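**Student:** Sequence first, predicted model second:
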Amino acid sequence: MSKAESIRAAARKHCEQVILPEVTAWEATTRYPRKAAVTAAADGLLGLYCPTEFGGQGLTFPEAIPVFEEFGRGAGLYAFSLSMHNIVAYAVSGFGQPSFRNAWMLRLTSGAALGGFVLTEPQSGSDAAGLRTCAEIGADGSYTINGSKAWVSLAGVADIYLVVVKTNPEPGHKDIAMVAVPRETVGVRFGEPYDKLVSPFLPIADMFLENVTVPADHVILPPGQGLSGSLMAIDIARTSIAAGCCGLMSAALDTALIYARDRKMFGKSEIDFQGIQWMLSDVATDLEASRLFYGRAAELLGGREGAVAAAHAKRFAPDAAVRATGTCMQMLGAYGLLAPYVLERMYRIAPVMKVVDGTTEIQRVVIARALQKYASTLPPTENSQTRP
Ligand SMILES: Cc1cc2nc3c(=O)[nH]c(=O)nc-3n(C[C@H](O)[C@H](O)[C@H](O)COP(=O)(O)OP(=O)(O)OC[C@H]3O[C@@H](n4cnc5c(N)ncnc54)[C@H](O)[C@@H]3O)c2cc1C
């Protein structure tokens, strides 16, 4: 078994033995299942992209990202939180300064510390470059940060946050940097966790930074590299979310298949009706297509076509998951509403995947920009009516 195969098998085991038996209890609380994350670390699932010298697995994106399909079968937002943590660990191992890496890397890969990524602000979500949180750089290279962030996942739970900041009050994004802020730094405060309708176990809240000073070695990406680095991180996240959606779809499909196989009506099994078979086939096609999308995006991440490939995956898979969970729920009739089948929870999680880490509409914006660029390379038309 290759290392990638054994890590995927470990992720499957984590889903079957840790997530699935516990997820209903998690859903009933506002406490993050930190113990589960530590178990994931012990199975090598918290340093997927990090070099082995830092306790990581040193996997490529195509080798590692299927892990999130396995997690997605159990709990979409738990999968999201561990995807975010893995990206934070990757950023620290790849771009952190030696003293900072030495202080944090083994903690991040062992699960002793969890990481969060902090970009969104109350006034800037999709328009990420519209952020206002600003850092003043001291003569010694230290950063003193002031501002408010919103939608911070693992708020108050993560031990370190990669915070995206401006370093100059003028508009524009050429001054944007990324700085690591440990949770216990003086001046860091979190609001009450949002009262959201799905997965209360993942705390999401505002983060307030008031004269928060961190030393120079906490700078992960200097001014000028913060926005492009964040977008690269988001491309990995988008691909991982598409993988998580495949887990969600495959879990919903399995439930619907078992039910339709066993449910008798009009003298035969539900699965023998052609109308039902077409519903199942559509879900299976959406699932296969989503797998191809995220697999291709994982291959291209980091290259020239990575962002567009990730956008295709993130545009398609969450919409497919919304369709799939709705279709599978319908196939169970009234029983689709019952808690033990879990379809109703899957049905509520799927639309969240359309928003987090860039909405479906923003993926269309990314794809359309690439199409516009391509259109400009096409030869002039022969049709005089479309000439200027
Ligand atoms: C569960 C969850 C966890 C999250 N965790 C984090 C986190 O840990 N860290 C973090 O930084 N952020 C996090 N976010 C924030 C998330 O990334 C933002 O919600 C997302 O980027 C969208 O921003 P917004 O919600 O402000 O929507 P807005 O930007 O206000 O968009 C509102 C609507 O307008 C549409 N729209 C926007 N621009 C365009 C356009 N150009 N063309 C057409 N339509 C457009 C959008 O698609 C959307 O439908 C999280 C969000 C969720 C739901």
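**Tutor:** Cool, the structure landed. Since the model is a prediction, treat every value here as computed from it, not as a measurement.

**Student:** so where is this structure shaky, pLDDT-wise?
**Tutor:** 384-388 (pLDDT under 70).

**Student:** Do a quick rundown of the strands in it.
**Tutor:** 115-118, 134-137, 143-153, 160-165, 177-182, 188-190, 204-214, 219-221, 264-265, 268-269 (DSSP state E).

**Student:** For the stretch 51-200 of the chain, which residues are neighbours of the ligand?
**Tutor:** Taking CB under 6 Å from any ligand atom as the test, the list of the stretch 51-200 of the chain residues beside the ligand reads 84, 116-120, 125-126, 151-153. Backbone N, C-alpha and C define where each C-beta goes, glycine included.

**Student:** Can you say which of those residues are buried?
**Tutor:** Listed as buried from these are 84, 116-120, 125, 151-153; burial here means 16 or more other CB atoms under 10 Å.

**Student:** And those, which is closest to residue 169?
**Tutor:** Nearest to residue 169 among these: residue 119, at 18.4 Å, using CB to CB.

**Student:** so what's that closest one up against?
**Tutor:** Residues in contact with residue 119 (CB atoms under 8 Å, 6 or more residues apart in numbering) are 128, 131, 149, 164, 230, 234.

**Student:** what do you get for residue 225?
**Tutor:** Residues near residue 225 by CB under 8 Å, 6+ apart: 177-178.

**Student:** For the residue of the chain found nearest the ligand, grab phi and psi.
**Tutor:** With CB to the nearest ligand atom as the measure, residue 125 is the residue of the chain nearest to the ligand, at 1.8 Å. Torsion angles at residue 125 (phi, psi; degrees, to the nearest 10) stand at phi -110, psi -90.

**Student:** farthest pair in the contacts of residue 119?
**Tutor:** For those, the farthest-apart pair by CB to CB is 149 and 234; their separation is 15.3 Å.

**Student:** More neighbours: those two, which one.
**Tutor:** Between residue 149 and residue 234, counting by other CB atoms under 10 Å, residue 149 is the more crowded of the two (26 against 21).

**Student:** what number of residues lie near the residue nearest to that one when sequence neighbours are not counted?
**Tutor:** Spatial nearest neighbour of residue 149, chain neighbours left out: residue 207 (4.2 Å); criterion: CB to CB, 6 or more residues apart in numbering. When neighbours are defined as other CB under 10 Å, residue 207 has 26 of them.

**Student:** wait, isn't residue 207 in contact with residue 189?
**Tutor:** Yes. Counting by CB atoms under 8 Å, residue 189 is a contact partner of residue 207 at 7.5 Å.

**Student:** Now for residue 131, how many residues are close by?
**Tutor:** 24.

**Student:** what's near enough to touch it?
**Tutor:** Here residue 131 is in contact with 119, 121, 124, 147, 164-166, 176 (CB under 8 Å, 6+ apart).

**Student:** Of the residues you listed, just the buried ones, ChimeraX syntax please.
**Tutor:** Selection of the buried residues among those in ChimeraX, burial being defined by 16+ other CB under 10 Å:
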select :119,121,124,147,164,165,166,176
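
**Student:** Report the contact partners of residue 62.
**Tutor:** 295, 298-299.

**Student:** Then residue 176?
**Tutor:** 129, 131, 164-167, 223-224, 226-227, 230.

**Student:** thinking residue 52 is in contact with residue 58, fair?
**Tutor:** Yes. Using CB under 8 Å, residue 52 is in contact with residue 58, at 5.1 Å.

**Student:** Which of those two has more residues huddled nearby?
**Tutor:** A count of neighbours by other CB under 10 Å puts residue 58 above the other of residue 52 and residue 58, at 16 against 11.

**Student:** partner residues bridging the closest residue to residue 220 other than its chain neighbours?
**Tutor:** In space, and not counting its chain neighbours, residue 220 is closest to residue 178: 4.6 Å by CB to CB, 6+ apart. Beta bridges link residue 178 to residue 164, residue 221, judged by DSSP bridges.
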